[in-house]
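*Asks:* Dropping a prediction and its sequence here:
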Amino acid sequence: MFKILRIVFCLLAAACAAVTIFIFIYFQIWGLIPLVAACIFAVLMFICKNMQEREETKNNPPPAQGDFITGKPDKDV
């Protein structure tokens, strides 16, 4: 679900960014409206990306890894 929303918001942000140039040329200050819309869609895209990654990590947690301080992870965990 989040992957589809990411793609949709990405396309909408790109479309708004492309339209912004022409609106600035012909209608000057009114070009801020699609610019703001593009920023909002970009933020929504990144929110969906974070939610998708959080959901994937919850469903399939990464394997335990040790480091040079704690050593190897226990097999029981």
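*Replies:* Looks like it came in fine. What you are looking at is a predicted structure, and each value in this text was computed from that prediction instead of being measured.
*Asks:* only C-alpha atoms for contact and neighbour calcs from this point on.
*Replies:* Fine.
*Asks:* can you list the weak-confidence ranges in the chain?
*Replies:* Applying pLDDT under 70 to the chain flags the ranges 70-71, 73-77.
*Asks:* Within the helices and strands, which one has the residue nearest to the spatial centre of the chain?
*Replies:* When the chain is reduced to its mean C-alpha position, the nearest residue by CA atoms, centre = their mean turns out to be Phe46, at 1.9 Å. Using DSSP states H and E, Phe46 sits in helix 32-59.
*Asks:* List the buried residues for that helix?
*Replies:* Of all the residues in helix 32-59, those buried under the rule 16 or more other CA atoms under 10 Å are Pro34, Leu35, Ala37, Ala38, Phe41, Ala42, Leu44, Met45, Cys48, Lys49, Gln52.
*Asks:* quick one: that helix to chain centroid distance?
*Replies:* In terms of CA atoms, centre = their mean, to the nearest Å, the centre of helix 32-59 is set 4 Å apart from its chain centre.
*Asks:* Distance across stretch 53-72, terminal residue to terminal residue?
*Replies:* From its first residue to its last, stretch 53-72 covers 26 Å (CA to CA, to the nearest Å).
*Asks:* and the buried residues of helix 32-59 as CSV, adding distance to Leu11?
*Replies:* Converted to CSV, those look like this (distance: CA to CA, whole Å):
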residue, distance to Leu11
Pro34, 13
Leu35, 14
Ala37, 12
Ala38, 10
Phe41, 9
Ala42, 9
Leu44, 12
Met45, 10
Cys48, 14
Lys49, 14
Gln52, 18
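*Asks:* can you dump the C-alpha coordinates of stretch 3-15 into CSV?
*Replies:* Output of stretch 3-15 as CSV, limited to C-alpha atoms (Å, rounded to 0.1, in the frame of the first residue of the first chain):
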residue,chain,number,x,y,z
LYS,A,3,4.7,1.6,-2.1
ILE,A,4,1.8,2.6,-4.3
LEU,A,5,1.3,5.8,-2.4
ARG,A,6,5.0,6.6,-2.7
ILE,A,7,4.8,6.3,-6.5
VAL,A,8,1.6,8.3,-6.7
PHE,A,9,3.0,11.1,-4.5
CYS,A,10,6.3,11.1,-6.5
LEU,A,11,4.5,11.5,-9.8
LEU,A,12,2.3,14.3,-8.4
ALA,A,13,5.3,16.1,-7.0
ALA,A,14,7.1,15.8,-10.3
ALA,A,15,4.1,17.0,-12.3
